[in-house]
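1. only the shape, not the letters, is given here:
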C-alpha cells in the first residue's frame, strides 16, 4: 500500500501516447480519431500530467483523419493546459508530420524521416486489359461526373483537372496548418511544401522540427531523474490478441508496408 504524505509534492508525470502506423486505413490497426479519442482523453486528464509526449512512427494516410486527430490533441492540450512534445521514430511524413505538428515541439532521431508535406492520389487503369479480354464495361449514371476516375474506363482530362483542384485544396490546408503550428521557426527562404522529405538534421535546419532528441533522456533533462512515465496505447482487437489474422488486416498490412516503403523503410 502506498502511503500518501500530506503536502508532499509528487514527482513530475509525463503521459506517453504511441501513434504507430498508417492513418485512416480500413484495417483495425490504423490510426483514426475515433480509435484514439479515449486514449488521448486519459493521457491528458488522468493524474494531472506535466506533459503529454507523442511517440510517432507514421508514413501518413488520410488527410481528414490526420486533421481530426491533430485537432483533438490541440483541443485537449488547451483545455488542460498541458504542453505536448512529439518524438519521431522511423518516420513522421505526410499525415504523420501533420500529427507531429500538433505538438508544441518536435524531436527526432538523427535518421528519422521528416516532411513529405504534399498530397497524393494513386490508382490504376485497366481499360486496355478489359478490351483485350473482350470484356465490355457498361456504366450508367445520373450526373456527368458520377463515374469520375473510373479505373475501367479511359482517363478523362476533365476528371484529372477536377482531381488536381481537390488535391491542391487539401495541400493548401496542410500548408496552412504547418505554418500556423511552426510559425517563425520555419525557414521561409526554402520551399518546404513540395512533398520532399529529409532526415532529421536537415529537417531541423528548415525549422520542421526542433532538434535531435530521444524521449526519456530529453524529458529527464527537463523534468529531472525522478520524472515518471505513464504509457498509453491502443488495445488490439480480441481476435488479434488470440493470434487470429483477419483478411482485412492482412490487406491493410500490405498497404501500410507499401506506405513505409515510399520512404525507404
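-> That came in fine, so what should we check first? Here the structure is a predicted model, which is why all the values come from computation and not from measurement.
2. hey, where'd the strands end up in the protein?
-> Residue ranges of the strands in the chain, as given by DSSP state E, are 13-20, 51-58, 84-93, 105-108, 113-115, 197-199, 211-212, 228-232.
3. run through who's touching the first one.
-> Translated: strand 13-20. 31, 36, 39-40, 42-44, 46-58, 69, 89, 99, 215, 219, 223, 227-234 (C-beta atoms under 8 Å, 6 or more residues apart in numbering). The C-beta positions use only the backbone N, C-alpha and C, and glycine is treated the same way.
4. picking up where we left off before, so for residue 77, which of the strands of the chain sits nearest?
-> Proximity to residue 77 (C-beta to C-beta) singles out strand 84-93 among the strands of the chain, at 5.2 Å.
5. low-confidence ranges in this structure?
-> For the chain, the stretches with pLDDT under 70 are 1-8, 25-29, 123-131, 148, 152, 234-265.
6. show me the longest helix that occurs in it.
-> helix 157-182 (DSSP state H).
7. mind giving me the packing neighbours of that helix?
-> helix 63-80, helix 95-101 (3 or more C-beta pairs under 8 Å, 6 or more residues apart in numbering; DSSP states H and E).
8. in a markdown table, list the strands of the chain along with mean neighbour count and distance to residue 155.
-> Below are these laid out as a markdown table (neighbours: other C-beta atoms under 10 Å; distance: least, C-beta to C-beta, whole Å):
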| stretch | mean neighbour count | distance to residue 155 |
| --- | --- | --- |
| strand 13-20 | 20 | 36 |
| strand 51-58 | 23 | 31 |
| strand 84-93 | 25 | 28 |
| strand 105-108 | 25 | 39 |
| strand 113-115 | 26 | 29 |
| strand 197-199 | 19 | 28 |
| strand 211-212 | 14 | 44 |
| strand 228-232 | 15 | 45 |
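9. is it possible to get JSON lines of those strands that adds distance to residue 184?
-> Formatted as JSON lines, the strands of the chain follow (distance: least, C-beta to C-beta, whole Å):
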{"stretch": "strand 13-20", "distance to residue 184": "26"}
{"stretch": "strand 51-58", "distance to residue 184": "23"}
{"stretch": "strand 84-93", "distance to residue 184": "19"}
{"stretch": "strand 105-108", "distance to residue 184": "14"}
{"stretch": "strand 113-115", "distance to residue 184": "19"}
{"stretch": "strand 197-199", "distance to residue 184": "20"}
{"stretch": "strand 211-212", "distance to residue 184": "16"}
{"stretch": "strand 228-232", "distance to residue 184": "31"}
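10. closest to residue 151 out of those strands?
-> strand 84-93 (26.1 Å).
11. give the contact list for the spatially most central residue of the chain.
-> Nearest to the geometric centre of the chain sits residue 96, at 2.8 Å (C-alpha atoms, centre = their mean). Counting by C-beta under 8 Å, 6+ apart, residue 96 touches 23, 56, 57, 58, 59, 60, 66.
12. again, only this time at 10 Å
-> 19-23, 31, 56-61, 66, 86, 88, 90, 113-116, 259, 263 (C-beta atoms under 10 Å, 6 or more residues apart in numbering).
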